[in-house]
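[1] just need the structure, nothing else, for what follows:
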Amino acid sequence: GVKGATLLAPAFRPLPVGSIKPLGWLKKQLQIQADGLSGHLSLFWGLVANSSWIGGISDQNPPQYAPYWLNGFVPLTFQLQDTNLLSQVHKYINYALLHQTEDGWLGLDKDRSGTMYWGRYPMLLALLQYYQANSTDTRVIPAVMKFLHETHHRMFEVPLDHWLDIS
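    Modelled structure (predicted):
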C-alpha cells in the first residue's frame, strides 16, 4: 500500500514572482502584453474598472473579474517593474487589504450562498503573488490567514453549492 511511502521531491519548483528578469524575446512578449489588453483592462472594462474590489458596483455577484485579471497581472507587473502597472496593482491590493472586514472576509459580504467563496480564491492567489514579489508588505499574510479562518468558519454555516462540491 501507500501507507508509509515517501513522496519524491518534485523535479521542478516554482520560482517566486519577480525573481527572473526577462530579457530579449520574453521581455518583448511581456511588454506587448502590458501594452495591450492586460495593461489596460482596468482602464476601460467596467467589470474590472468599476469592480467591487476597489469600491465599485459592476461585479457584485460573483466578484471575480478583477481577481482573475490580477492573478495574471500581478506577475506581469513585477516581471516588468513598470511603475504605471505597479500603480494599478497597488490600487487593487491596497483597497482589498484596507477593506477586509473585522472577521477577516475579503471583498463584498452581501452574498451568503454557497457561491460566495468563488471569486475570493483568485484574489488570494493575486495577494500571495504580490507578497512573493513585495515581501515588505507585512499586511498580506495576516490578511490571508484571517480570511482562511473566516472561510473555514463560514463553511460550517454555508457549504459550497452543489455544483462546486466535488466529493
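[2] please make it C-alpha for all contacts and neighbour counts, starting now.
    Noted.
[3] list the backbone torsions phi and psi for Arg112.
    Here is the backbone geometry of Arg112 (degrees, to the nearest 10): phi -120, psi 30.
[4] check the gap between the closest residue to it other than its chain neighbours and Trp118 for me.
    Closest residue to Arg112 apart from its sequence neighbours, by C-alpha to C-alpha, 6 or more residues apart in numbering: Val158 at 7.2 Å. Distance, Val158 to Trp118, using C-alpha to C-alpha, to the nearest Å: 13 Å.
[5] wait, the residue nearest to Arg112 sits on Asp111?
    No - the criterion here is C-alpha atoms under 8 Å, and Val158 misses it with Asp111 at 10.6 Å.
[6] ok, Leu41 - contacts?
    Going by C-alpha atoms under 8 Å, 6 or more residues apart in numbering, Leu41 touches 48-49.
[7] per-residue confidence averaged over the helix or strand hosting Ile141?
    If you go by DSSP states H and E, Ile141 is part of helix 140-157. For helix 140-157, mean pLDDT rounds to 93.
[8] check which residues of the host helix or strand of Gln29 are buried.
    Element membership for Gln29, per DSSP H and E: helix 24-35. By neighbour count with 16 or more other C-alpha atoms under 10 Å, helix 24-35 contains the buried residues 30-31, 34.
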